[in-house]
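Chemist: Would you be able to build a 3D model of this:
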Amino acid sequence: MKLNDARKQAIRRQTKIGFRLSGGAECWIERDGITRVPSLKSPPGFNLEEEFAGAQEFRLAEAQREGSRMVTRAELEQWCSAVAMEAEHEEEH
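Modeler: Okay, the predicted model is just below:
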């Protein structure tokens, strides 16, 4: 799963997806697909795709639910696959 895959699913499900960067900062994929690092004050010294690939825990903040929940990389991949399959099914009809 790549960062762009997670961006697409964040948009489709109107869900924010958060993860920690190796330096400890938190990164959020917003509901509009834009990736933000709130604590970043200058151009980053890291590759966001590589940071995403190394993340093992993610926080999902779904629009229809209060709060958020932690998921593993495997759970996020499963969630993204389910969302992608739903989108394909909707396109067929």
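Chemist: For the residue nearest the centre of the chain, name its beta-bridge partners.
Modeler: Centroid check for the chain by C-alpha atoms, centre = their mean gives Ile17 as the closest residue, at 3.5 Å. Under DSSP bridges, the beta-bridge partners of Ile17 are Ile29, Leu60.
Chemist: What segments of this protein are strands?
Modeler: In the chain, the segments counted as strands under DSSP state E are 15-20, 26-29, 35-36, 57-62, 69-72.
Chemist: who does the shortest one touch, helix- and strand-wise?
Modeler: Counting contacts by 3 or more C-beta pairs under 8 Å, 6 or more residues apart in numbering; DSSP states H and E, strand 35-36 packs against strand 26-29. In this view, the C-beta of every residue, glycine as well, is placed from N, C-alpha and C.
Chemist: can you rerun that using 10 Å?
Modeler: helix 3-13, strand 15-20, strand 26-29, helix 48-54 (3 or more C-beta pairs under 10 Å, 6 or more residues apart in numbering; DSSP states H and E).
Chemist: and the gap between Phe52 and Leu60?
Modeler: As judged by C-beta to C-beta, to the nearest Å, Phe52 and Leu60 stand 15 Å apart.
Chemist: Pick out whichever of these two has more residues nearby.
Modeler: More crowded of Phe52 and Leu60, by other C-beta atoms under 10 Å: Phe52, with 23 against 20.
Chemist: ok, the residue nearest to the more buried one when sequence neighbours are not counted - contacts?
Modeler: Distance criterion C-beta to C-beta, 6 or more residues apart in numbering; nearest residue to Phe52, sequence neighbours excluded, is Leu3 at 4.3 Å. Residues near Leu3 by C-beta atoms under 10 Å, 6 or more residues apart in numbering: 17, 19, 27, 29, 35, 47-53, 55.
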